[in-house]
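Engineer: Build the 3D model from these lines:
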Amino acid sequence: MSKHYILREKLREELESGAYPVGTQLPPAGVAASRYGVSKNCYLKAVKLLCNEGFVSAGVGRGTFSLVNGVHNNGSDEEEQVYNDLNLKITNNIFKYGTWLGSTERTAILLGCKPEIVNKCLPRLEAEGKIKKKHADNYIVCYRRRKTGSEKILILLKDDDHSAPYLLSGINSVLTETENITTLRIKKNLDIVRKTINEQHFDAIFFDGDLGETLDKIGCGSLNQTAFYSLGPAENLADTVTGGEVVSDWFHGGYIGIRHLIETGKRNIRVVVFNAEEKKNRVPFNFEEGCLAAKDDTLTDVKVTFFAESQKMRYMDAIEEDFHQNHYDAIFCISDFKLIKIAEWLADRKISIPGNVGLLGYHDTPWCKEFNPNLSSIATGMEEIGRIAAELYLNNSTETVIVKPKLMARESTVAAIQTKN
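Structural biologist: Model prediction:
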């Protein structure tokens, strides 16, 4: 018998013995594999078998939870009856996706039982991913039947977002069997978006997190039967709709960017976001925290500067003035597109890259590889974000997944190390 089948039997015995009560999270895969003396891959195969048999629930980034019930959890007959009743109402679509169950007392009245019995059942259903706690002891149904490929999907992206093709590629790589996918680029006029959403029932809407406020303004918060999947943080819709969220770790992006520039010997670094409104809406505050954390870890002087291009001075004029006043030796720019403009400006003035000024961008668009010298950038993994969001939808998941950016070091910074050597 294969190792993972033997391990499956051992894990099932532990679950049935009550070692992991319903709703309890099992140890992380790496820890568990070490405990049982098997590879991580072997352990994951055993967990997959237990998932298929209904003993555990597992998901990407969520962990593995015990689902054993009946004689396995030593629950009362009444508890099992209430659990089965509520479970059937959810899985048979009597309590539809987005239905508020309300307080424990309200749910108990609906099911004709005592509140304390409901309190024992709800955590089990939450561990199974069928309901989600929203406020205090209030739960909302987040279970959907298995996808058939006939669902209607809407993807909303900003019109000026250069990462949109990568998000779309990631989503489409997973939803290969879904035929009814509509993609809209949101411009200033929201009438088309409002009309499309109001006239058609979409099973799911994938949207750029920056558009959360926009969707809230046009009334999307009331669409409780629609699953919203945010490609980035979307606080405006968080309390009114269900669905998953995939977020890039801006703190980590800022941190690894500054550390890299410091490691190349740069000591007077400018972190540039050109527009105050852009900083407010598109750059989370923890990006700046990440930059400053890297500075604190190395005791290096790192300055953070924001340029307001829409005000009195164009951003390139502001860059030129600031450069002559402060003589910084590195620029960490939040936009690859604008970083190229800076690189062109430096090249026109015979300012060496990276000898005099190191350049580092953000998002790692294809332009970075086309410029000479090739531009270093922080890759935010937009295609991965789109792929994970689509997987959350297929798995009926409401979790939040954080994607860590990666440093793509190229000639605009790395050559500084090579020159020193």
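Engineer: From now on I want contacts and neighbour counts done on CA atoms only, so please keep to that.
Structural biologist: Noted.
Engineer: residues touching Y143, list them.
Structural biologist: By CA atoms under 8 Å, 6 or more residues apart in numbering, Y143 lies in contact with 90-91, 96-97, 129-131, 396.
Engineer: And the furthest pair within the residues you listed?
Structural biologist: Pairwise distances across those (CA to CA) peak at 14.0 Å, for the pair K96 and G129.
Engineer: Can you turn the buried part of the contacts of Y143 into a PyMOL selection?
Structural biologist: Buried subset of the contacts of Y143, written as a PyMOL selection, criterion 16 or more other CA atoms under 10 Å:
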select buried, resi 90+96+97+129+130+131+396
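Engineer: Narrow the contacts of Y143 to those in strands?
Structural biologist: I131 (DSSP state E).
Engineer: Domain map for this structure?
Structural biologist: 3-66, 75-141, 152-243, 250-420 (automatic domain parsing).
Engineer: A227 touches E245, doesn't it?
Structural biologist: No - contact between A227 and E245 fails when scored by CA atoms under 8 Å: they sit 10.9 Å apart.
Engineer: Skip ahead from the lowest-mean-pLDDT helix or strand in the chain and say which helix or strand is next.
Structural biologist: Counting by mean pLDDT, DSSP states H and E, the chain has its least confident helix or strand at helix 276-282, which shows a mean of 50. Counting by DSSP states H and E, the next helix or strand C-terminal to helix 276-282 is helix 285-298.
Engineer: before we move on, the earlier item: which of the domains of the chain comes out lowest on mean pLDDT?
Structural biologist: Set side by side, the domains of the chain differ in mean pLDDT, and domain 152-243 is lowest with a mean of 75.
Engineer: In stretch 90-108, which of the residues would be classed as buried?
Structural biologist: Quick answer for stretch 90-108 (16+ other CA under 10 Å): 90, 95-102, 104-105, 107-108.
Engineer: surely A389 meets G232?
Structural biologist: No - counting by CA under 8 Å, A389 does not reach G232; the two are 10.0 Å apart.
Engineer: Check the contact lists of the two and give me the overlap.
Structural biologist: By the contact definition CA under 8 Å, 6+ apart, A389 and G232 are jointly contacted by 245-246.
Engineer: Same drill for those two, tell me which one is more crowded.
Structural biologist: Shown here are A389 and G232; by other CA atoms under 10 Å, A389 has more neighbours (32 against 25).
Engineer: got the contact list for that one?
Structural biologist: 171, 206, 229-231, 244-246 are the contacts of A389 under CA under 8 Å, 6+ apart.
Engineer: Show me what I331 is bridged to.
Structural biologist: R270, L359 (DSSP bridges).
Engineer: That should have said S377, apologies.
Structural biologist: Bridge pairing for S377 - DSSP bridges - gives G361, M408.
Engineer: What residues does it make contact with?
Structural biologist: Counting by CA under 8 Å, 6+ apart, S377 touches 336, 360-364, 368, 407-410.
Engineer: A330 versus that one, what's the distance?
Structural biologist: Distance, S377 to A330, using CA to CA, to the nearest Å: 13 Å.
Engineer: overlap in contacts of those two?
Structural biologist: By CA under 8 Å, 6+ apart, S377 and A330 have these common neighbours: L360.
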